[in-house]
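Novice: coordinates only, sequence not included:
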């Protein structure tokens, strides 16, 4: 059976587990209230149902009861106080948790309709697939995310790693996660942000310490300069591609679209809309609407020879 990679009921980090525990606590309290109210309702229906012997008579009337009035006032107040206190405790524990010196800092920028990830401590810029290290309880290394928006409201939500947090223009937000196991965790932009909101997917790769260090070293390298694809490189640097995208070690320094320095190290294209294959890459450059209608990526309108050369060049960006 394939596990649900977006289930909140399989938490893999401290914030996610705290949220699940609170959810079960609230469900237990409200479940008890439901059972009590349903039982009282059934009791009243059965005990005070109409009988032939009671025809034309009025049942005894209650004109005020201090005990009943105290019960229906005090009990709901106590229930609300307990739920508020429990929620406030979890909220404080998550939002005001101290940041250890070992924490990894990542700046997340939401765009229509993709994700930009910047690692200021490591000098890395990437897109759509977030890599973070696993956090061993013996040597905790949480990941602290600063959430920004480049255009409209977005929302960052990886159910198994933490609660959803909004990205609002000119209003930085923060969240953190400390994944306890390696793997790929999926999520979704949880705030409607335009036509391709549904294809603004999230993918977090939680790597072992060794694998994460290896990924960092690879990302810190400039793109390899393969002389066999110089024609494709020239096309990239002399067309509109250079206005939006950056490639380390080249003159390309665009900031509007994703950084492509290590494009082929990613599993997907267009923020998870398609697998990162040669055919999909060619189609994405030629006609983005075929993969992601409403995307802000323009069709490049290259002839077949130039398109093939550009794709061959981009396939070297690993």
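Specialist: Perfect, thanks for sending it. All values derive from a computational prediction rather than experimental measurement. Residues are numbered from 1 along each chain as shown.

Novice: ok, and for the lengthiest helix in the chain, which residues are buried?
Specialist: Longest helix in the chain, counting residues (DSSP state H): helix 14-47. By 16 or more other Cβ atoms under 10 Å, the buried positions in helix 14-47 come out as 14-16, 18-20, 22. Placement of C-beta: from N, CA and C, glycine included.

Novice: before we move on, what about stretch 273-281?
Specialist: Here stretch 273-281 shows 273-274, 276, 280-281 as buried, counting by 16+ other Cβ under 10 Å.

Novice: what's the answer for stretch 134-150, then?
Specialist: Under the neighbour-count criterion of 16+ other Cβ under 10 Å, stretch 134-150 has 134-135, 141-149 buried.

Novice: Packing partners of the longest helix of the chain?
Specialist: helix 66-95, strand 173-177 (3 or more Cβ pairs under 8 Å, 6 or more residues apart in numbering; DSSP states H and E).

Novice: got the buried residues for stretch 195-215?
Specialist: Buried-residue list, stretch 195-215, by 16+ other Cβ under 10 Å: 196-197, 199-207, 212, 215.

Novice: What is the burial count for residue 186?
Specialist: 15 (other Cβ atoms under 10 Å).

Novice: Was I right to think it contacts residue 203?
Specialist: Yes - contact criterion Cβ atoms under 8 Å: residue 186 and residue 203 qualify, at 6.0 Å.

Novice: can you tell me how far residue 279 sits from residue 214?
Specialist: Separation of residue 279 from residue 214 (Cβ to Cβ, to the nearest Å): 29 Å.

Novice: actually residue 163, not the one I typed
Specialist: From residue 163 to residue 214 the distance is 30 Å (Cβ to Cβ).

Novice: Show me the strands in the stretch 201-318 of the chain, by range?
Specialist: Using DSSP state E, counting those that start in this stretch, the strands of the stretch 201-318 of the chain run over residues 201-207, 268-269, 274-275.

Novice: Please identify which of those is closest to residue 76.
Specialist: strand 201-207 (38.9 Å; Cβ to Cβ).

Novice: May I have the secondary structure class of residue 109?
Specialist: Of the three states, residue 109 takes strand under DSSP: H, G, I helix; E, B strand; the rest coil.

Novice: one step back: would you turn the helices and strands packed on helix 14-47 into TSV with mean pLDDT?
Specialist: Output for the helices and strands packed on helix 14-47, formatted as TSV (pLDDT from 0 to 100):
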stretch	mean pLDDT
helix 66-95	93
strand 173-177	95
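
Novice: Quick check: which of these is nearest to residue 317?
Specialist: Across these, closest to residue 317 is strand 173-177 (Cβ to Cβ), at 28.5 Å.

Novice: Which residues belonging to that closest one are considered buried?
Specialist: In strand 173-177, counting by 16+ other Cβ under 10 Å, buried: 173, 175-177.

Novice: What of stretch 90-105?
Specialist: So for stretch 90-105, counting by 16+ other Cβ under 10 Å, buried means 90, 94, 103-104.

Novice: okay, how far is it across that stretch, tip to tip?
Specialist: End-to-end distance of stretch 90-105 (Cα to Cα, to the nearest Å): 23 Å.

Novice: Straight-line length of stretch 271-280, end to end?
Specialist: One end of stretch 271-280 to the other measures 13 Å (Cα to Cα).

Novice: outside of it, which residues touch it?
Specialist: Here stretch 271-280 makes contact (Cβ atoms under 8 Å, 6 or more residues apart in numbering) with 113-115, 127-128, 196, 199-203, 263-264, 266-269, 283-284, 291-292, 311, 315.

Novice: from the chain's centre, how far out does it sit?
Specialist: Counting by Cα atoms, centre = their mean, to the nearest Å, stretch 271-280 is centred 20 Å from the centre of its parent chain.

Novice: pLDDT (mean, whole number) over that stretch?
Specialist: Regarding stretch 271-280, the rounded mean pLDDT is 92.

Novice: quick one: which of the strands of the stretch 201-318 of the chain is nearest residue 298?
Specialist: Nearest to residue 298 among those is strand 268-269; the distance by Cβ to Cβ comes to 15.4 Å.

Novice: State the paired neighbours of that closest one in the sheet, together with their directions.
Specialist: Applying DSSP bridges to the sheet, strand 268-269 is found paired with strand 274-275 (antiparallel).

Novice: Where does pLDDT dip in the stretch 101-250 of the chain?
Specialist: 224-225 (pLDDT under 70).

Novice: what are the ranges of the helices in it?
Specialist: Under the criterion DSSP state H, counting those that start in this stretch, helices of the stretch 101-250 of the chain are mapped to 209-219, 230-238, 241-244.
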